[in-house]
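Asker: Build me a structure from this.
(chains A and B)
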Amino acid sequence: MKKVKIALMALILALLVAFPLFDSNLYHQQLMNQVFVNIIVVMGLNFITGLTGQMNLGTAGIFALGAYGSALTCTKLGTPVWLGFPIAIVIGFLIGRGLGYPSLRVKGVYLSLTTIGFSEVVRLILTNAIDFTGGSQGVQNIPFLNLFGFEFNTPFKIYYLYFALTIIMAIAAARIVSSKWGRVFKAIRDNSDAVEACGIDVANLKILAFTMAAVYGCIGGFLYTHMMGYINPTAFNQDLSVNYLVMMMIGGIGSVAGNILGAVMVTLLPEILRFMQNYYWLIFSIITLIFAVFLPYGIVSLFKKSERQERHFDIFHSIKKAREIWGGRIAK
Amino acid sequence: MKKTMLESVLQLIVSGVAMGFIYALVGIEYTLVWNSTGLLNFSHDKFIMLSAYIFAGTFVIRMGLPPALGVLASLLVMFLFGVLVAVGIFNPLRSMASPIFAVMGTVVLGRIISELVRLIWGPIPFTLPNYLTGTYQIGNIIIGRVNVWIIVISSLLVASLQIFFKTTKTGKAMRCVQQNKKAATLMGIDVSKNIVFTIVLSSLVCTVIGMLVIPLFTVDTAMANMIGLKGFSSGVIGGFGYLPGVIAGGVFLGVLENFSTIVLPAVYKDCVGFVLMIIFLLVRPSGILGHRKNLR
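Answerer: From the prediction side, this is the model:
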């Protein structure tokens, strides 16, 4: 089984490496770069929402601050482009601390309201602080990333850079998920009182989860900025936050493989459904809703068979349960 | 006609109160759903938008009905829509393992609604001419006709909702369900039916809001986003899940927003609600009226 897994992963990696060599369509390559950015952001969101079980609907705000932070420093101050990377990390760290603190006091849907509020405030400030951020015009002429004089200025070149970065970040995320931290995060999701009773500092760990999520989100924003070369605040709206949540849910909540799968599917599916023209976004939303009701733990739950939540994961069980609910026989 | 200081302040208060009542209505509408199902309906702004489209787009403009008939027809349509959504989506969602899934479900429902609206009525925003326009003048204070309607109708609605909850059997059953679903089931209350009823009620309130705010915004798919979010804020500011608190919070927010334009640039008016909500959640989660047991 493990050999099959490794062979499968190697095959997928080989296909991904070879992809831009066979497909020279710039749009497709750009789309794949977008997929990589999304994977990174979703893996971050997974730390808060997937593992620690805290609802974050403000991903757009985190992403936007990462993107603007890097874009503004290198266009206004003329600093080297790579400096954006540590800047994104610092911004992410600060946001994570700032958002993590409220998460200690408010839980569940209240936290989702707080994070919505946060991302709306960010968006309004970005739109209205015209002198500083360029207002709705956005920031233009953002330089591409470069390395020793080599400029990553085409989707083809960016593809390999982002591919490598995504792999590094994914390995890091997978290590964190299966580490002591990851297990404690999951424990907090399941029962935070019990964790506290074990003598573990829940407060610190919650803030840690937020910090890591925000750092991942800001790095995603940084990569997005230097891929697009142009950003404006309209892109960072509530829809974006929801999209990231959808990616996480469709792929599989709490698992890095699921996050990657979800990001790939949700970024590419609308493009595949585009032949339906006007109806594609509607069909896509309906597919998402069906997923939310029937397969809440995502696609990866079809492949796993051993964990505790298995019975929830099982699609047949989900359908049976949904039928019961629709039949009105369960009154909780 | 130069206004005195006092008159300017009064003018700000009057228009603030009118807007505040809209926030309060939105807040009440989702408080209903929260109380009975324990779900936040993140698609409620889309409900408002949908009802505005049904009323203005279909009944008044396309079919040329007089507004009074249009009101009845839209209430009927939204009633059916409420039943459909409650049975098809809210009842399954409420028994999900984690609230995250339910939030997802309602958010995606909102997307489907706005997509349907775009397909049915087209992407171009429109307005409804000669509907609740005009102003009244009292002394030097000007108040729009729509604002008067908003204040009158929402006060009536709030009062009748309170009477409904306090006196009728259904209303009492709904309050029981809010407090403890299991105990309510044991007492012979049909929880599922109750939830369907609540969602329908909330979609009717949404219809009223949608019809009242048409003169304030142009009718387009994003028209209710801001008031939807501010309804949440006013709920939090006033005290979550407590109707009088929500009204107080809404009016407070509306007035404060108007006064903030004195010290802040007008474009930051929309930030006030969110900042205030975050502060309240952190410092005083029970809201201004202080009615709140515990945070879930």
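
Asker: Give the residue spans of chain B that score low on pLDDT.
Answerer: By pLDDT under 70, the weakly predicted segments of chain B are B:1-3, B:97, B:290-296.

Asker: Quick check, central residue of it?
Answerer: By CA atoms, centre = their mean, chain B has its centre lying nearest to B:Val26, at 1.5 Å.

Asker: right, and the helix or strand after the helix or strand containing it?
Answerer: Assigned by DSSP states H and E, B:Val26 belongs to helix B:5-37. Next in sequence after helix B:5-37, counting helices and strands by DSSP H and E, comes helix B:44-52.

Asker: report the angle between the axes of that following helix and helix B:5-37?
Answerer: Relative orientation of helix B:44-52 and helix B:5-37, computed by axes from the mean of the first three to the mean of the last three CA atoms, to 10 degrees: 100 degrees.

Asker: touching chain A at all, helix B:44-52?
Answerer: No: Helix B:44-52 is not in contact with chain A by CB under 8 Å from any CB of the partner chain; minimum separation 10.1 Å. In short, each C-beta sits where N, CA and C put it, glycine included.

Asker: longest helix anywhere in chain A?
Answerer: Longest helix in chain A by number of residues (criterion: DSSP state H): helix A:202-228.

Asker: Which elements pack onto the helix or strand just after it?
Answerer: Toward the C-terminal end, the helix or strand that comes next after helix A:202-228 (DSSP H and E) is helix A:238-251. Under the contact criterion of 3 or more CB pairs under 8 Å, 6 or more residues apart in numbering or on different chains; DSSP states H and E, helix A:238-251 touches helix A:26-45, helix A:59-76, helix A:108-128, helix A:256-272, helix A:280-294, helix B:99-121.

Asker: CA atoms of helix A:238-251 as PDB?
Answerer: Extracted as PDB, the C-alpha positions of helix A:238-251 are listed here (Å, rounded to 0.1, in the frame of the first residue of the first chain):
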ATOM      1  CA  GLN A 238     -15.700  38.300   1.400                       C
ATOM      2  CA  ASP A 239     -16.000  36.000  -1.600                       C
ATOM      3  CA  LEU A 240     -12.300  35.300  -1.500                       C
ATOM      4  CA  SER A 241     -12.500  34.200   2.100                       C
ATOM      5  CA  VAL A 242     -15.400  32.000   1.300                       C
ATOM      6  CA  ASN A 243     -13.500  30.500  -1.600                       C
ATOM      7  CA  TYR A 244     -10.600  29.500   0.600                       C
ATOM      8  CA  LEU A 245     -13.100  27.900   3.000                       C
ATOM      9  CA  VAL A 246     -14.700  26.100   0.200                       C
ATOM     10  CA  MET A 247     -11.400  24.800  -1.000                       C
ATOM     11  CA  MET A 248     -10.600  23.400   2.500                       C
ATOM     12  CA  MET A 249     -14.000  21.800   2.900                       C
ATOM     13  CA  ILE A 250     -14.200  20.200  -0.600                       C
ATOM     14  CA  GLY A 251     -10.700  18.700  -0.300                       C
END
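
Asker: Would you map the helices across chain B?
Answerer: Under the criterion DSSP H, helices of chain B are mapped to B:5-37, B:44-52, B:67-85, B:91-94, B:99-121, B:145-167, B:169-179, B:181-186, B:191-213, B:225-238, B:243-263, B:269-283.

Asker: Can you report how many residues lie near the nearest residue to B:Val107 once chain neighbours are set aside?
Answerer: In space, and not counting its chain neighbours, B:Val107 is closest to B:Phe42: 4.7 Å by CB to CB, 6 or more residues apart in numbering or on different chains. Using other CB atoms under 10 Å in any protein chain shown, B:Phe42 has 27 neighbouring residues.

Asker: now swap in A:Tyr224 and tell me
Answerer: 26.

Asker: With chain B as the reference, measure out to it.
Answerer: For A:Tyr224, the distance to chain B (CB to the nearest CB, to the nearest Å) stands at 22 Å.

Asker: Could you pull up the residues touching that residue?
Answerer: A:34, A:37, A:63, A:67, A:231 (CB atoms under 8 Å, 6 or more residues apart in numbering or on different chains).

Asker: Which residues are in contact with the residue of chain A found nearest chain B?
Answerer: Per CB to the nearest CB, the residue of chain A with the smallest distance to chain B is A:Gly117, at 3.7 Å. When contacts are counted by CB under 8 Å, 6+ apart, A:Gly117 touches A:58, B:229, B:233, B:274-275, B:277-278.

Asker: so how far is A:Glu120 from the closest residue to B:Ser260 other than its chain neighbours?
Answerer: In space, and not counting its chain neighbours, B:Ser260 is closest to B:Val272: 4.9 Å by CB to CB, 6+ apart. As defined by CB to CB, to the nearest Å, B:Val272 lies at a distance of 11 Å from A:Glu120.

Asker: what does the stretch 151-296 of chain B put close to chain A?
Answerer: For the stretch 151-296 of chain B, the contact set with chain A under CB under 8 Å from any CB comprises B:181-182, B:185, B:190-192, B:225, B:229, B:232-233, B:236, B:240, B:265, B:267-268, B:270-271, B:274-275, B:277-278, B:281-282, B:285, B:295-296.

Asker: Number of residues surrounding B:Ser160?
Answerer: B:Ser160 has 10 nearby residues by other CB under 10 Å.

Asker: Need the contact partners of stretch B:108-117.
Answerer: A:242, A:246, A:281-282, A:285-286, A:288-289, A:292, B:42-43, B:45-47, B:49-50, B:53, B:85, B:89, B:221.

Asker: Quick check on those: which are buried?
Answerer: Among the contacts of stretch B:108-117, those buried by neighbour count (16 or more other CB atoms under 10 Å in any protein chain shown) are A:242, A:246, A:281-282, A:285, A:288-289, A:292, B:42-43, B:45-47, B:49-50, B:53, B:85, B:89, B:221.

Asker: related to what we said a few turns ago, who's more crowded, B:Val272 and A:Glu120?
Answerer: Per other CB under 10 Å, whichever of B:Val272 and A:Glu120 has more neighbours is A:Glu120, with 26 against 20.

Asker: list the buried ones in stretch A:123-142?
Answerer: Across stretch A:123-142, burial judged by 16+ other CB under 10 Å covers A:123-128, A:133-134, A:138-139, A:142.

Asker: Same question for stretch A:11-18.
Answerer: A:Leu16.

Asker: now swap in stretch A:148-166 and tell me
Answerer: A:152, A:155, A:157-159, A:161-163, A:165-166.

Asker: same check, this time on stretch B:148-159
Answerer: Across stretch B:148-159, burial judged by 16+ other CB under 10 Å covers B:148, B:150-151, B:153-154, B:157-158.

Asker: How about residues contacting that stretch?
Answerer: Residues from elsewhere that reach stretch B:148-159, judged by CB under 8 Å, 6+ apart: B:17-18, B:21-22, B:24-25, B:28, B:132, B:136, B:205, B:208, B:212, B:243, B:247.

Asker: Repeat that for stretch A:157-168.
Answerer: Identification of contacts with stretch A:157-168 by CB under 8 Å, 6+ apart yields A:16-17, A:19-20, A:29, A:32-33, A:36-37, A:39-40, A:144-145, A:147, A:151-152, A:223, A:227.
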